[in-house]
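>>> sequence below, structure please.
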Amino acid sequence: MTRARDLRIPLRGTPGPRNSLTDVPGVTVGMVDVISDDGVTLRTGVTAVLPLGRERIGTAVAAGVFSLNGNGELTGSHWIRETGAFASPVLITNTHAVGTVHRGVVEWTARNRPDLAAEWLLPVVAETWDGYLNTINADAVTHAHVASVIDSASAEGLLEGSHGGGTGMNCYAFKGGSGTASRVVGFAGVDYTVGVLLQANFGERSELTIAGIPMGDLAVPDPMDDPAWFLDDKTRIPGGAGSVIAVIATDAPLTPQQCEALARRVPLGLARTGTTGGHFSGDIFLAFSTANAGELGSGFPDAPSARLRSLEFVPWNHIDPFFAAVVEAVEEATLNVLVNNERMTGRLGHVSHALPHDLVVERLAAHGRLES
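Here you go, the predicted structure:
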């Protein structure tokens with residue numbers, strides 16, 4: 001496993017022990033890759049993020065969402081905006097599997113938490129488009145896959161590169177997928193963690209920038225130049241088409257408005273790697289805090305819930321280090337997607353090449369941009 005720091009790419013901030021979303025205490029992740037060449041070529045999968053682990057599904061966490069460009073989907077987002085919270089796993093898959101995954105969450109909940117399913121469920125499911133490598137209209141993702149990622153979620157379950165929902169994705173016209181990073185932020189004598197998970201399927205090759213150095217002209221074939229990638233003689237798939245989903249987690253106590261403010265900082269980290277947020281990319285971000293768990297719950301009213309609730313939170317005038325942590329971790333997670341990856345061949349022989357480590361290091365060295 002080679003990550004961005006292994007190439008001596010200069011990166012700011014102090015990461016957690018795994019440099020991962022799961023550095024945030026209690027957060028677990030499950031992934032399943034759906035790969036097959038038996039009749040139909042499949043290069044897809046599912047990722048699950050459980051904010052408080054499997055045993056506490058149904059306990060609400062403070063949350064906020066932000067969309068840089070709405071050419072994509074994050075189900076449950078209206079309820080998050082309404083209440084500032086959600087209480088379900090977060091699932092990420094491909095664009096045309098959202099319905100199946102949504103139903104799969106309902107079925108898992110009905111089996112395992114009938115008390116929750118007896119009320120109402122608004123699963124949180126996000127997507128990016130993997131139709132270059134994957135036969136996206138095939139019925140590939142199943143309810144069983146959804147159950148498996150929820151049941152298998154753990155602190156060690158997050159794999160970078162071509163895994164989970166990111167299996168068939170591209171990023172800056174190199175092999176993309178799943179990437180993660182974290183930052184430690186101190187406040188009032190306590191160290192908190194901000195973790196990021198990206199499903200990265202965005203960016204035009206010409207935009208790619210690493211440590212401030214343009215990389216868009218690296219001598220590696222660009223899938224967007226593949227004649228098979230043209231819809232017809234006149235129509236070409238736009239560079240940068242795809243999407244990016246970001247999930248931000250922290251154990252710092254934050255209000256829903258502060259969670260939304262963290263989500264709004266995601267584009268600043270993405271922009272450090274070059275993207276301009278194209279029209280054909282759904283760029284949608286979710287941030288949540290595991291502190292104050294349950295205080296924003298919205299289940300049917302009962303006698304024990306008839307009490308005033310309170311939230312602890314970081315004062316707004318001390319929030320900037322958490323914003324910086326998001327920006328730094330998003331930049332590094334994007335680079336980890338690209339670095340910790342391999343070449344993949346998919347449907348119709350389409351090929352997505354991995355970012356060439358040697359060429360990147362050579363160019364950074366020529367500009368004096370490698371860490372000593």
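>>> CA atoms for contacts and neighbours, from now on please.
Noted.
>>> show me what the lengthiest strand in the chain pairs with in its sheet, parallel or antiparallel.
The residue-count maximum for a strand in the chain (DSSP state E) belongs to strand 190-203. Its sheet considered, strand 190-203 pairs with strand 177-187 (antiparallel), strand 240-250 (antiparallel) by DSSP bridges.
>>> please convert these to JSON lines, extending it with mean pLDDT and mean neighbour count.
Converted to JSON lines, the strands paired with strand 190-203 look like this (pLDDT from 0 to 100; neighbours: other CA atoms under 10 Å):
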{"stretch": "strand 177-187", "mean pLDDT": "98", "mean neighbour count": "26"}
{"stretch": "strand 240-250", "mean pLDDT": "95", "mean neighbour count": "28"}
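>>> in the stretch 101-250 of the chain, which spans are helices?
Along the stretch 101-250 of the chain, counting by DSSP state H, counting those that start in this stretch, helices occupy 114-117, 143-152.
>>> the longest one - contacts with which helices or strands?
Right, helix 143-152. Here helix 143-152 touches strand 28-36, strand 42-50, helix 98-112, going by 3 or more CA pairs under 8 Å, 6 or more residues apart in numbering; DSSP states H and E.
>>> cutoff 10 Å now
strand 28-36, strand 42-50, strand 90-94, helix 98-112 (3 or more CA pairs under 10 Å, 6 or more residues apart in numbering; DSSP states H and E).
>>> Serialize those to CSV and add fields for mean neighbour count, distance to Val61 and mean pLDDT.
Shown next, in CSV, are the helices and strands packed on helix 143-152 (neighbours: other CA atoms under 10 Å; distance: least, CA to CA, whole Å; pLDDT from 0 to 100):
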stretch, mean neighbour count, distance to Val61, mean pLDDT
strand 28-36, 23, 14, 98
strand 42-50, 29, 11, 98
strand 90-94, 27, 12, 98
helix 98-112, 18, 18, 98
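>>> redo those as JSON lines? Include distance to Ala261.
Shown next, in JSON lines, are these (distance: least, CA to CA, whole Å):
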{"stretch": "strand 28-36", "distance to Ala261": "23"}
{"stretch": "strand 42-50", "distance to Ala261": "20"}
{"stretch": "strand 90-94", "distance to Ala261": "19"}
{"stretch": "helix 98-112", "distance to Ala261": "26"}
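>>> in the longest helix seen in the chain, what's buried?
In the chain, taking DSSP state H as the definition, the longest helix is helix 320-339. Judged by neighbour count (16 or more other CA atoms under 10 Å), helix 320-339 contains these buried residues: 322-339.
>>> pLDDT of it, averaged?
Helix 320-339 comes out with an average pLDDT of 98.
>>> show me what the helix or strand following it is packed up against.
Per DSSP states H and E, helix 320-339 leads on to strand 344-345 as the next helix or strand towards the C-terminus. Using 3+ CA pairs under 10 Å, 6+ apart as the contact test, the elements touching strand 344-345 are strand 351-352.
>>> now the strand it packs on, how far from the chain's geometric center?
Distance, stretch centre to chain centre, for strand 351-352: 21 Å (CA atoms, centre = their mean, to the nearest Å).
>>> same deal with stretch 110-128?
Distance, centroid of stretch 110-128 to centroid of chain: 20 Å (CA atoms, centre = their mean).
>>> cool, and stretch 246-259?
With CA atoms, centre = their mean as the basis, stretch 246-259 stands 15 Å off its chain's centre.
>>> go on, stretch 141-155?
Per CA atoms, centre = their mean, the centroid offset for stretch 141-155 relative to its chain is 16 Å.
>>> can you point out the buried residues in it?
Under the neighbour-count criterion of 16+ other CA under 10 Å, stretch 141-155 has 141-143, 145-150, 152-155 buried.
>>> in JSON lines: these, plus distance to Val49.
Below are the buried residues of stretch 141-155 laid out as JSON lines (distance: CA to CA, whole Å):
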{"residue": "Val141", "distance to Val49": "17"}
{"residue": "Thr142", "distance to Val49": "18"}
{"residue": "His143", "distance to Val49": "16"}
{"residue": "His145", "distance to Val49": "14"}
{"residue": "Val146", "distance to Val49": "11"}
{"residue": "Ala147", "distance to Val49": "13"}
{"residue": "Ser148", "distance to Val49": "12"}
{"residue": "Val149", "distance to Val49": "9"}
{"residue": "Ile150", "distance to Val49": "8"}
{"residue": "Ser152", "distance to Val49": "11"}
{"residue": "Ala153", "distance to Val49": "8"}
{"residue": "Ser154", "distance to Val49": "9"}
{"residue": "Ala155", "distance to Val49": "10"}
